[in-house]
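# A structural model of the following input is requested.
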Amino acid sequence: MERAAPDWLRGQVVKYRGRRTPGGMPARLTLPAATVTLIVGWGDPLHLFDAADRGSGGSWYSLVGGLRTSPVLGGYRGSGQAVEVDFTPLGAYMCLGISMHHLANQTVHPDELLGRRWTERLTERLAAAPDWEARWTLLDDALASLLADGPVPSPVVAEAWSRLSARHGGMTLGELAGATGRGGRRLQVLFREQIGLPLQSVARILRFQRALTLPYGSHKSLAELAAACGYYDQAHLNRDFKALAGLTPAQLCGLANQAPLDGTAVVEGSRTSVFNR
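Reported below is the predicted structural model:
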């Protein structure tokens, strides 16, 4: 079950998602994307694994995952339910109230950010709610409370983020500095604090997502796809896909193309996960 963010949360939250998992499903490969995810769950916990060496990343009923530059495998062994909130980076900064570099490539329990028993209180209400619409309302109320007490992003980083995301990562630090009237060093400091990763890393993720979400087969060759998405050449495309997803472009685009059949996650122009068959 999914619901777009209400109008008053647009710009901070992309989407709500509800999951009811029977267990035994293929693990999901969570991909680097320009979103920060809050999961609040009950029933069987979510089991995370390092996608590169299959080492355990622990069991989580609830978590916050920051921007990442590598993939993570996750799945449920038994029956579990959860709600997920996909934040924009600036929305996460406003709701969570911390410097976002602390979350970069990290998974933490929500209580570490929002206070003792915050997760327990919300989980109890979500589990007792009669349907998903009631759960969306509970999330609305919880996020409204967080936003009321949260910090306000810098207008400079908000403008830089808007420009960079609109160009799918296709702007250099120098170009953004010129467009915003701020020095490159200042932009890097703001991105670290309010987005979470260096500007160049964020641009790399946005470019990767652009290549991943163009219609499969819309280009005659990977070289054409690379050129359309701002890569230097096909070798550059291959390197970024292997570094960010651990798969070749053909492998990952093939999995993503199965989305209508297997329910892989799409968030407004980005592919946040695929089933790892």
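
# Show me where the chain has its strands.
Secondary structure of the chain by DSSP state E: the strands cover 2-4, 13-21, 28-30, 36-43, 46-50, 56-60, 62-65, 72-75, 80-87, 107-108, 266-267, 270-271, 273-275.

# Of all the residues in the third one, which ones are buried?
Same thing as strand 28-30. 28, 29, 30 (16 or more other CB atoms under 10 Å). Every residue, glycine included, has its C-beta placed from N, CA and C.

# same question for that strand, mean pLDDT?
Strand 28-30 carries an average pLDDT of 88.

# picking up where we left off before, tell me the one of the buried residues of strand 28-30 nearest residue 196?
The closest of these to residue 196 turns out to be residue 30 (CB to CB; 15.8 Å).

# List the beta-bridge partners for the closest one.
residue 72, residue 273 (DSSP bridges).

# Return the residues in contact with it.
65, 68, 71, 72, 73, 74, 272, 273 (CB atoms under 8 Å, 6 or more residues apart in numbering).

# ditto for residue 158
Counting by CB under 8 Å, 6+ apart, residue 158 has contacts residue 90.

# any idea of the pLDDT on it?
Reading off the model, residue 158 has pLDDT 96.

# Look up how far residue 209 lies from it.
20 Å (CB to CB, to the nearest Å).

# same check, this time on residue 4
19 Å.

# more neighbours, those two?
Ranked by neighbour count (other CB atoms under 10 Å), residue 4 and residue 209 place residue 209 first, with 25 against 12.

# Quick check: nearest residue in space to residue 152, chain neighbours excluded?
Using CB to CB, 6 or more residues apart in numbering and skipping the chain neighbours, the partner closest in space to residue 152 is residue 94 (7.1 Å).

# scratch that, residue 202 is what I was asking about
residue 195 (6.0 Å).

# which intervals of the protein have sub-threshold pLDDT?
Scanning the chain for pLDDT under 70 picks out 51-56, 216-217, 256-266, 268-269, 276-277.

# Can you show me the helices along it?
89-96, 111-114, 118-128, 132-149, 155-166, 173-180, 184-194, 199-213, 222-228, 234-245, 249-256, 259-262 (DSSP state H).

# Contacts for the fourth one next, please.
Read that as helix 132-149. With contact meaning CB under 8 Å, 6+ apart, helix 132-149 is reached by 1, 3, 6, 9, 12-13, 16, 18, 83, 85, 94-97, 114, 122, 125-126, 129.

# Just give me how far that helix sits from the chain centre.
19 Å (CA atoms, centre = their mean, to the nearest Å).

# And it, what's buried?
Buried-residue list, helix 132-149, by 16+ other CB under 10 Å: 132, 135, 136, 138, 139, 140, 142, 143, 146, 147.

# Output that helix as PDB - backbone C-alpha positions only.
This file holds the C-alpha atoms of helix 132-149, laid out as PDB (Å, rounded to 0.1, in the frame of the first residue of the first chain):
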ATOM      1  CA  TRP A 132      -3.900   1.900   6.300                       C
ATOM      2  CA  GLU A 133      -5.800   5.100   6.000                       C
ATOM      3  CA  ALA A 134      -5.800   5.400   9.800                       C
ATOM      4  CA  ARG A 135      -2.100   4.700   9.800                       C
ATOM      5  CA  TRP A 136      -1.400   7.400   7.200                       C
ATOM      6  CA  THR A 137      -3.200   9.800   9.500                       C
ATOM      7  CA  LEU A 138      -1.000   8.800  12.400                       C
ATOM      8  CA  LEU A 139       2.000   9.400  10.300                       C
ATOM      9  CA  ASP A 140       0.700  12.800   9.300                       C
ATOM     10  CA  ASP A 141       0.300  13.700  13.000                       C
ATOM     11  CA  ALA A 142       3.800  12.400  14.000                       C
ATOM     12  CA  LEU A 143       5.600  14.200  11.200                       C
ATOM     13  CA  ALA A 144       3.700  17.500  11.800                       C
ATOM     14  CA  SER A 145       4.900  17.400  15.400                       C
ATOM     15  CA  LEU A 146       8.500  16.700  14.300                       C
ATOM     16  CA  LEU A 147       8.400  19.600  11.700                       C
ATOM     17  CA  ALA A 148       7.100  22.000  14.300                       C
ATOM     18  CA  ASP A 149      10.200  21.600  16.400                       C
END
